[in-house]
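# no sequence on this one, just coordinates:
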Ligand SMILES: CC(C)(COP(=O)(O)OP(=O)(O)OC[C@H]1O[C@@H](n2cnc3c(N)ncnc32)[C@H](O)[C@@H]1OP(=O)(O)O)[C@@H](O)C(=O)NCCC(=O)NCCS
């Protein structure tokens, strides 16, 4: 299957929104499949468009049938505009340093999984990001995102900094290994 990875653009926002909607559990925790993974936050299409246009660290993977996957990541300077200073993300990035990067979302459509699409998206992101510290969070409870833990923790060496609990959810905050 031919899949092309490129920088995301504003025009991709509606497709990123639709893909996220398709991997977001409708019911918590019933629809949360730990092996398949899931995204918890669904941004409006306009937010995906605006953030893709603003950040050079957002990528999409396209197949002949449309969007196969995407990755969104933002430098600390943009996060400071989008997240309140007392938010978990803002605090994590303050700790990680002024040049840190938040890897916000990565998703591949179920039809395109286990083909290396996420690996290609991540590699494109890592090349653009360089040696800057990368932080991300992964759901630990009520259902652990085992798919994401395998991808980031087990295969790429991300290490747990701490857990935080909010509204019945427990997230692990992870930091990328130094290159
Ligand atoms: C996590 C996720 C992004 C991985 O996407 P993916 O495109 O399937 O990932 P890859 O194909 O790069 O790697 C997955 C597996 O396929 C294997 N693989 C890669 N290329 C392959 C190929 N050409 N042929 C066969 N297997 C391959 C990888 O080695 C890996 O193996 P593993 O399952 O034993 O660990 C995807 O499962 C997803 O979108 N989940 C829902 C959203 C989500 O949970 N996001 C993370 C939120 S924190």
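Done, it's in. Note that the structure is predicted; figures quoted are calculated from it, not measured.
# For the residue positioned nearest the centre of the chain, give the beta-bridge partners.
With distances taken as C-alpha atoms, centre = their mean, the residue of the chain nearest its centroid is residue 105 (1.8 Å). Note on residue 105: beta-bridge partners by DSSP bridges are residue 72.
# oh, and call the first residue 35 from now on, that's how I've got it
Yep, numbering from 35; the last one is residue 139 now.
# Quick one: neighbours of the closest residue to the ligand within the chain, just the number.
Residue of the chain nearest the ligand, by C-beta to the nearest ligand atom: residue 71 (2.4 Å). For the C-beta atoms, the positions are set from N, CA and C on the backbone; glycine is no exception. By other C-beta atoms under 10 Å, the residues close to residue 71 number 23.
# give me every residue that touches it.
57, 141, 179-182 (C-beta atoms under 8 Å, 6 or more residues apart in numbering).
# One more: residue 62?
Contacts of residue 62 (C-beta under 8 Å, 6+ apart): residue 176.
# can you list the residues of this protein near the ligand?
Residues of the chain lying close to the ligand (C-beta under 6 Å from any ligand atom) are 57, 71-73, 140-142, 147-153, 172, 179, 181-182, 184-185.
# Against which helices or strands is the lowest-mean-pLDDT helix or strand in the chain packed?
Each helix and strand of the chain was given a mean pLDDT (mean pLDDT, DSSP states H and E); the minimum falls on helix 122-130 at a mean of 89. Under the contact criterion of 3 or more C-beta pairs under 8 Å, 6 or more residues apart in numbering; DSSP states H and E, helix 122-130 touches helix 110-116, strand 135-142, strand 168-175, strand 193-200, strand 203-209.
# Can you lay out these as CSV showing mean pLDDT?
Shown next, in CSV, are those (pLDDT from 0 to 100):
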stretch, mean pLDDT
helix 110-116, 93
strand 135-142, 98
strand 168-175, 98
strand 193-200, 94
strand 203-209, 96
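# Pull out the buried residues from stretch 115-133.
116-117, 123-124, 126-127, 130 (16 or more other C-beta atoms under 10 Å).
# An error on my part: the question was meant for stretch 195-208.
In stretch 195-208, counting by 16+ other C-beta under 10 Å, buried: 205-208.
# Please apply the same query to stretch 72-90.
72-74, 76-77, 79, 81-83, 85-86, 88-89.
# repeat for stretch 44-53
Those would be 46-47, 49-51, 53, for stretch 44-53 by 16+ other C-beta under 10 Å.
# Kindly provide the whole-number mean pLDDT of that stretch.
Here stretch 44-53 scores 98 as its mean pLDDT.
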